[in-house]
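# with the input below, show me the fold.
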Amino acid sequence: MSVFGVSAAEEIIYRHFLRNPDTSADDIHLRLHIDRDSARRSLDRLRDLGLLISTGAGRLISPADPGVSLARLVDSRLHELHQELQRVTQSRHVVDRLRAELGTQKHSPQDIDQLEGLAEIRDRIDDLAFFAREEILSVEPYAKLSPENIERSRPLDLRCLRRGVRIRNVVPRKALQDGPTANYLRELASQGAMIRVVENTAERILVYDRKTALVPLDPQNTARGALLAHKSGLVANIIALFEKIWDEAEDLEPAGGKASETPDSGLSEVEQRVLALMCSVGKDEAGARELGVSVRTYRRYVADLMQTLGAASRAQAALLARERGWV
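Residues are numbered from 1 along each chain as shown. Next up, the predicted model:
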């Protein structure tokens with residue numbers, strides 16, 4: 001009964017009278033092995049709480065009905081908690097008074113956090129990825145990912161994609177020369193991630209929900225630590241840099257994208273698929289989704305095919321392709 005504000009000794013006495021109603025309290029301290037003064041104070045408080053009632057001209061004690069008395073205690077306790085909650089919420093002015101003690105100090109320690117060591121950086125990345133709700137932007141200049149890195153990153157990335165978080169990732173083209181790394185990137189792309197490649201980049205950027213950005217102190221040595229920026233102006237500048245890199249990058253080619261060409265048309269497998277989609281789907285968005293690339297990349301493929309066919313329109317391109325037996 002402590003949740004109702006009843007002490008252990010008070011509960012023992014109340015339960016005694018539940019079992020022995022209309023009995024005297026004169027020797028209750030002896031019966032229950034409680035100090036006399038403690039027993040007296042407990043009896044007085046139980047009467048005040050309405051749990052015990054004096055009967056027989058005050059000589060006998062009877063317990064109040066538990067259902068009625070405990071319902072009263074619940075109401076009383078809820079009222080106390082409500083008042084306590086009001087006191088806490090109304091005391092926010094204390095923060096302002098404490099801040100005034102800082103005097104002329106104007107900096108906000110929440111604008112930028114410095115993370116020390118790889119362990120702290122990885123833990124913070126795990127937290128940021130777990131709580132991301134909208135978008136994760138990244139530029140990573142690695143030549144390849146170790147099996148340990150892939151194993152660590154896969155569940156985090158796939159969980160984000162399953163939650164509907166949009167992932168845009170830019171990597172250097174040399175990363176595709178490593179089989180496990182290329183397979184992992186294409187696995188992410190197959191699950192909805194947007195992966196683009198650039199010839200070279202020295203930037204290392206991570207942005208979560210356009211509110212928090214993580215950049216290394218030294219891009220060449222991430223073990224030295226990283227800076228976690230929360231300030232909107234800093235984050236906006238980092239996002240602008242990401243968008244510049246993103247616009248200059250190309251979509252990740254599907255496996256075997258431009259490697260194989262058919263002897264009849266000279267088109268790659270990807271171009272063959274784009275040509276077929278041009279003839280079967282109406283909107284570029286649908287074709288890009290079917291191909292697994294961005295709309296921009298899909299339209300670039302279409303423009304290249306139209307130039308190859310010497311067509312002035314998509315309808316003419318489809319007609320010329322059929323005449324040549326390409327579709």
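
# could I get the full set of helices for the stretch 1-150 of the chain?
8-19, 28-31, 36-48, 66-89, 93-100, 117-131, 147-162 (DSSP state H, counting those that start in this stretch).

# what bits of the stretch 1-150 of the chain have low per-residue confidence?
Across the stretch 1-150 of the chain, the ranges flagged by pLDDT under 70 are 3-4, 58, 81-83, 85-110.

# now do 90
1-133, 140-150 (pLDDT under 90).

# next, the buried residues of stretch 207-226.
Val207, Tyr208, Thr212, Ala213, Leu214, Val215, Pro216, Gly225, Ala226 (16 or more other CB atoms under 10 Å). Using the backbone N, CA and C atoms, a C-beta is placed for each residue, glycine as well.

# closest to Leu128 out of those?
Nearest to Leu128 among the buried residues of stretch 207-226: Tyr208, at 4.6 Å, using CB to CB.

# how about the closest one: which residues does it bridge to?
Ile136, Thr212 (DSSP bridges).

# what's near enough to touch the most centrally placed residue in the chain?
Ranked by distance to the mean C-alpha position of the chain (CA atoms, centre = their mean), the top residue is Phe131 at 1.2 Å. Contact analysis of Phe131 by CB atoms under 8 Å, 6 or more residues apart in numbering lists Tyr208.

# at 10 Å what do you get?
Counting by CB atoms under 10 Å, 6 or more residues apart in numbering, Phe131 makes contact with Tyr208, Asp209, Thr212.

# any chance of those residues in TSV, plus pLDDT and distance to Ser24?
Below are the contacts of Phe131 laid out as TSV (pLDDT from 0 to 100; distance: CB to CB, whole Å):
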residue	pLDDT	distance to Ser24
Tyr208	93	70
Asp209	91	70
Thr212	89	70
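
# for these, which one is nearest Asp284?
Asp284 has its nearest neighbour among the contacts of Phe131 in Asp209, at 28.0 Å by CB to CB.

# now the residue nearest to the closest one when sequence neighbours are not counted: how far from Val295?
In space, and not counting its chain neighbours, Asp209 is closest to Glu134: 4.9 Å by CB to CB, 6 or more residues apart in numbering. As defined by CB to CB, to the nearest Å, Glu134 lies at a distance of 20 Å from Val295.

# nearest residue to Pro141 in space, please, no chain neighbours.
Pro141 sits nearest to Thr201 (CB to CB, 6+ apart), 5.1 Å away.

# which residues sit in contact with that neighbour?
With CB under 10 Å, 6+ apart, Thr201 has these contacts: Val139, Glu140, Pro141, Val170, Val171, Pro172, Arg173, Pro219, Ile245, Glu248, Ala249.

# tell me which residues touch the closest residue to the last one other than its chain neighbours, please.
Closest residue in space to Ala249, ignoring its immediate chain neighbours: Arg196 at 3.6 Å, by CB to CB, 6+ apart. When the contact criterion is CB under 10 Å, 6+ apart, the partners of Arg196 are 139, 168-171, 245-252, 293-294, 296-297.
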